[in-house]
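# Please find the sequence and the predicted model below.
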Amino acid sequence: SRNVSKHDAQNKSLGKWVMNQRMFHKKNTLSSSRVEQLNSIGFIWDPLDHAWNEHFDQLCVFKAQNGNCCVSQNDAQNKSLGIWVNNQR
């Protein structure tokens with residue numbers, strides 16, 4: 001995964017560094033060359049926005065396959081998507 005958490009014991013210092021890059025970017029204090037470097041590797045600037053978009057894409061696939069957006073939280077194959085859809089309501 002391209003998303004590193006500061007709570008991940010194995011990658012704690014990397015997680016803190018990632019958090020700092022996001023903070024510097026948000027404050028507009030990260031140089032454009034560093035922004036370009038991070039963008040070139042698919043850096044995720046906003047993990048919440050990224051997760052929302054990932055779930056939305058999954059919902060689009062589900063709708064294409066099932067003809068509706070009624071994803072059950074009890075469906076083991078789509079449990080995470082079902083929870084996300086329920087939270088959007």
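All right, it came through fine. Quick caveat: nothing in here was measured; it's all calculated off a predicted structure. Residues are numbered from 1 along each chain as shown.

# now Leu38: how far from Lys79?
As judged by Cβ to Cβ, to the nearest Å, Leu38 and Lys79 stand 32 Å apart. The C-beta positions use only the backbone N, C-alpha and C, and glycine is treated the same way.

# Between these two, which is the more surrounded one?
Leu38 (17 against 13; other Cβ atoms under 10 Å).

# Thought Asn20 was touching the more buried one, still the case?
No. Using Cβ atoms under 8 Å, Leu38 makes no contact with Asn20, being 11.8 Å away.

# Any regions of the chain where pLDDT drops low?
1-3, 5-6 (pLDDT under 70).

# Going along the chain, name the helices of it.
With DSSP state H as the criterion, the chain has helices at 12-26, 32-40, 47-66, 79-88.

# Quick one: closest of the ones you listed to Ser72.
helix 79-88 (5.2 Å; Cβ to Cβ).

# Just the angle for the closest one relative to helix 47-66, thanks.
110 degrees (axes from the mean of the first three to the mean of the last three Cα atoms, to 10 degrees).
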